[in-house]
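In: How does the following fold in three dimensions:
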Amino acid sequence: MGFVGLGVMGRPMALNLLRGGVPLVVWNRSSRATDELRAAGAEVAASVPDLFARTDRVLLMLANGDVVDSVLGRGTPTFDHLVRDHLVVHMGTTAPAYSEALGRDVVRLGGRYVEAPVSGSRLPAEEGQLVAMLAGDDLDLDEVETMVGPTCASVVRCGAVPSGLLMKLAVNLYLVTTVTGLVEAYHFAHQQGLDLERFREVIDGGQMSSPISRTKLAKLRSGDFAVQAALGDVHYNARLITTAAHDADVATPLADASEELFATAERLGHGGVDMAGVLRAFEARTAALTNGRRDGSSS
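Out: Residues are numbered from 1 along each chain as shown. Predicted coordinates:
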């Protein structure tokens, strides 16, 4: 089996496949991750065509549609040759319309196509606790469910393409707005002079506690914004959500507000930190309110 894309999510997923006894051929644009995978027992392809030549089943864990197109040479004869007689499994997060078009191209050229985006960030990926959302033909899904099993706590079948990506956006809408609300509550508590350890104790001890709330509160308290889910990536996901909602005439006021806050944090230079770093957008807005009040009182 082939695995393309060994980033924050792809690397631990590929390692879990190897630990699960899955023979793996891997490729990545940078060599550091492939060196680690080679040491863990994977074969390392010299190129994407080399990987496709060695296996007829390929998992793609790539950042966005532009990267997928570039890596596969979509729109060129290279793409046509690669996907013919191959099962291509798209595990990254892209616009549903993009995935649907990619799937049509793969099938038209004699390949098979399945969506398998996952819910979870770096830590669940390391622990093999992701949730995969599959979409495609039932016979292909039977095969892919076995393929991704070592990386996941559960696998959910969502229907035909692009239902997997639409489900991923719905789940991400909940994630993004939940974390944004938690960070806003933390910022409110801080600005009101509350004991932030007591705030965390109340959240952790009640019905609103969850793995995500505990993880993000720990980051907020420690100031350690090492990446679990990068803020820039979350902003990209939020844009996908609001664009899909707009295209379907669906009102998403919470997602709209969250997307704007993540955009602000990224403009402020925090795209590479964990999504809890959206705190910086709240701090900037509070500072602007304070400065405006100060300027108004002095005029």
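In: Can you read off the backbone torsions of Arg112?
Out: Backbone torsions of Arg112, given as degrees, to the nearest 10, read phi -120, psi 150.
In: ok, it touching Asp140?
Out: Yes: using CB atoms under 8 Å, Arg112 is in contact with Asp140, at 5.3 Å. Every residue, glycine included, has its C-beta placed from N, CA and C.
In: intersection of neighbour lists for the two?
Out: By CB atoms under 8 Å, 6 or more residues apart in numbering, Arg112 and Asp140 have these common neighbours: Leu87.
In: Can you pick out the residue with more neighbours from the two?
Out: Ranked by neighbour count (other CB atoms under 10 Å), Arg112 and Asp140 place Arg112 first, with 21 against 16.
In: Against Arg239, how distant is Leu182?
Out: As judged by CB to CB, to the nearest Å, Leu182 and Arg239 stand 21 Å apart.
In: what do you get for Ser31?
Out: Distance of Ser31 to Arg239, computed by CB to CB: 31 Å.
In: Looking only at neighbour counts, state which of those two leads.
Out: Set side by side, Ser31 and Arg239 show more neighbours around Arg239, with 15 against 11, by other CB under 10 Å.
In: Contacts only, for that one.
Out: Per CB under 8 Å, 6+ apart, neighbours of Arg239: Glu259.
In: Before we go further, it is sitting in a helix, right?
Out: Yes: counting by DSSP: H, G, I helix; E, B strand; the rest coil, Arg239 is part of a helix.
In: need the strands for this protein, in chain order.
Out: Taking DSSP state E, the strands of the chain run over residues 2-4, 25-27, 43-44, 57-60, 87-90, 112-115, 118-119, 130-134, 152-157.
In: And those strands: which comes nearest Ala281?
Out: Closest approach to Ala281 among the strands of the chain (CB to CB): strand 118-119, 24.0 Å.
In: tell me, what residue is most central in the chain?
Out: Among the residues of the chain, the one closest to the centroid is Thr93, at 5.9 Å (CA atoms, centre = their mean).
In: Can you verify my assumption that that one contacts Leu165?
Out: Yes: counting by CB under 8 Å, Leu165 is a contact partner of Thr93 at 7.2 Å.
In: Name the residues contacting each of the two.
Out: Pro117.
In: Now tell me which helix or strand of this protein has the poorest mean pLDDT.
Out: The helix or strand of the chain with the poorest confidence is helix 279-298; it has a mean of 89 (mean pLDDT, DSSP states H and E).
In: How many neighbouring residues does the residue nearest to Tyr236 when sequence neighbours are not counted have?
Out: With CB to CB, 6 or more residues apart in numbering as the criterion, Tyr236 has its nearest non-adjacent residue at 6.8 Å, and that residue is Asn64. Here the number of neighbours of Asn64 (other CB under 10 Å) works out to 16.
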